[in-house]
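Engineer: kindly generate the corresponding structure for this input.
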Amino acid sequence: MSTIRNRYLVTGFTIVELLLVIVVIGILATITIVSYNGIQKKGWDTSVQSDLDSIAGILEGSRVRSVPQEFPRTKATLDTLGIKATKSAYDTTIAYNMIYCIANSGANAYQEFLLVAKSRSGAIFAMTQDGFKANSYTQANLTANFCSDQGMGLVSNGLYAVNTWQTWVQN
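Structural biologist: Numbering: from 1, shown residues only. Sure, this is the predicted structure:
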C-alpha cells in the first residue's frame, strides 16, 4: 500500500517546472500586448485617414454645389454638411486635433483647402483638394497660427475644443 501512495506523491511538478511555465506565459503575454498596441495604433491611423478622405469628398461636393464654386469657409456651413468622424481615433489632449484651412487670397482663393488631423497614435495626416499630402508637421505646428503659417485662412480649429466636440462633427 505504501508504494502506491509514494508513487502518487512524486508525480507532481517541481518548483523549477512551475517557474518555467510562468516565464513562458509571461513572454507570450508580452508579445501579445505589444502586437495589440501596434494593431490598435494602425487602426486609429486608418480611421483618421478614412475620415479625412470622406471629409474631403464632402467638401468637394459642397464646392461643386455652391455658387460661386468655393470650398466652405465658415463653421456655419460646416454644420450643414453632416461631417462624421470616428471620435475615438483622434487625440483629444490637444485643442487643435483637426484643422481646416482654406486659401483666402490670390488666384486660388477659396479653391484650395488643407485639412490636418492628429491621430491618437500621435501620427499627423494632411489632406488637400488633390489628396493626401506628405508632411512633416509636429504637434508644435498645430496651433492657432497654423493656417496663417501655411499662407491660408483658418475656418475651423479642431474637431474637439474645450472638452467638447465641435457642433459640425457628428457620430
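Engineer: quick one, helices of this structure?
Structural biologist: Remark: helices assigned in the chain by DSSP state H are 2-9, 15-65, 75-79, 146-149.
Engineer: can I get the ones you listed in CSV with mean pLDDT, distance to Ile99 and mean neighbour count?
Structural biologist: C-beta: built from backbone N, CA, C; applies to glycine. Formatted as CSV, the entries for those read as follows, by pLDDT from 0 to 100; distance: least, Cβ to Cβ, whole Å; neighbours: other Cβ atoms under 10 Å:
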stretch, mean pLDDT, distance to Ile99, mean neighbour count
helix 2-9, 56, 71, 8
helix 15-65, 91, 11, 13
helix 75-79, 83, 13, 15
helix 146-149, 88, 5, 16
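Engineer: in JSON lines: the ones you listed, plus distance to Leu114.
Structural biologist: As requested, the helices of the chain are arranged in JSON lines below (distance: least, Cβ to Cβ, whole Å):
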{"stretch": "helix 2-9", "distance to Leu114": "75"}
{"stretch": "helix 15-65", "distance to Leu114": "10"}
{"stretch": "helix 75-79", "distance to Leu114": "15"}
{"stretch": "helix 146-149", "distance to Leu114": "7"}
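Engineer: so which of those helices comes closest to Tyr96?
Structural biologist: Nearest to Tyr96 among the helices of the chain is helix 146-149 (6.6 Å), distances taken as Cβ to Cβ.
Engineer: gap between that closest one and the chain center?
Structural biologist: Relative to the chain's own centre, helix 146-149 is displaced by 21 Å; criterion: Cα atoms, centre = their mean, to the nearest Å.
Engineer: numbering from 30 from now on, please.
Structural biologist: With 30 as the first residue, the last one maps to helix 175-178.
Engineer: on that earlier part again, looking at the helices of the chain, which is nearest to Ser117?
Structural biologist: Minimum separation from Ser117 across those (Cβ to Cβ) falls at helix 44-94, 7.8 Å.
Engineer: still on that earlier bit, looking at the helices of the chain, which is nearest to Ile123?
Structural biologist: Proximity of the helices of the chain to Ile123 was assessed by Cβ to Cβ; the nearest stretch is helix 175-178, lying at 11.5 Å.
Engineer: what is that closest one packed up against?
Structural biologist: Counting contacts by 3 or more Cβ pairs under 8 Å, 6 or more residues apart in numbering; DSSP states H and E, helix 175-178 is packed against strand 127-131, strand 182-185.
Engineer: sounds good, over and out.
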